[in-house]
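A.B. asks: here is a sequence together with a model predicted from it:
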Amino acid sequence: MKHTLVMTILGADRTGLVRSIAAIIQEHKASWQESRMARLAGQFAGILRVECPEESLETLIEALSSLNNQGICINVIREEAIVLERPKILSIDVVGNDRPGIVHQMTLAIAESGGNVEELVTGLESAAMSGHLIFRASGKVSFSSLSDEAQLRRAIESLSDDLSVEIH
């Protein structure tokens, strides 16, 4: 029987950090399924899903936990989620002037529209002509079959006149 582990990884970024995690996973005959990783302010941050055979589950978790002694904080969760219905997934792209609270307002609008944030990438970039900071968010939002995607667009667009919202 295979088990699924979901883990978060955080530590000072350095050469070989991902390699050392991958080596531990491979040594325990586990399979790296999917991940998201980034370098943020000198720190490595990642989320990872691994499938592991039952016979090496506990030793894999122990080996990953031992990395805490090297300044790599790893939190491992055994995934037990059961998906009863297949949600509708929408891609969203939001661009507008940056301001405090914009992520909170956007995620509140998503939740109030019946959506669940599945994936979200946010960042700031310099506007082409003026050079002031522009907020950009892209991601995936899931909806049950009862949710209204038009309501999501209206909710996000109502946050500010300067927001451009694309939903696919």
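C.D. replies: On my side now, so go ahead. Numbering: from 1, shown residues only.

A.B. asks: the lowest-mean-pLDDT helix or strand in the chain: which residues count as buried?
C.D. replies: Across the helices and strands of the chain, mean pLDDT, DSSP states H and E gives its lowest value to helix 149-157, namely a mean of 84. Judged by neighbour count using 16 or more other C-beta atoms under 10 Å, the buried positions of helix 149-157 are E149, L152, R153, A155, I156. In this view, the C-beta of every residue, glycine as well, is placed from N, C-alpha and C.

A.B. asks: buried residues in whichever helix or strand comes after that helix?
C.D. replies: For helix 149-157, the succeeding helix or strand toward the C-terminus, using DSSP states H and E, is strand 164-167. Of the residues in strand 164-167, V165 count as buried by neighbour count, 16+ other C-beta under 10 Å.

A.B. asks: residues touching strand 164-167, excluding its own?
C.D. replies: L90, S91, I92, D93, V94, V95, G96, E149, L152, R153, I156, E157 (C-beta atoms under 8 Å, 6 or more residues apart in numbering).

A.B. asks: and of those residues, the nearest to A30?
C.D. replies: For the contacts of strand 164-167, the minimum distance to A30 (C-beta to C-beta) is 30.5 Å, reached by S91.

A.B. asks: can you pull the contacts of the spatially closest residue to the closest one that is not a sequence neighbour?
C.D. replies: Nearest residue to S91 in three dimensions, chain neighbours excluded: H168, at 4.4 Å (C-beta to C-beta, 6 or more residues apart in numbering). Listed by C-beta under 8 Å, 6+ apart, the contact set of H168 reads L90, S91, I92.

A.B. asks: just the strands in the protein please.
C.D. replies: Ranges of strands in the chain, per DSSP state E, are 2-12, 31-40, 43-53, 72-78, 88-97, 115-126, 133-143, 164-167.
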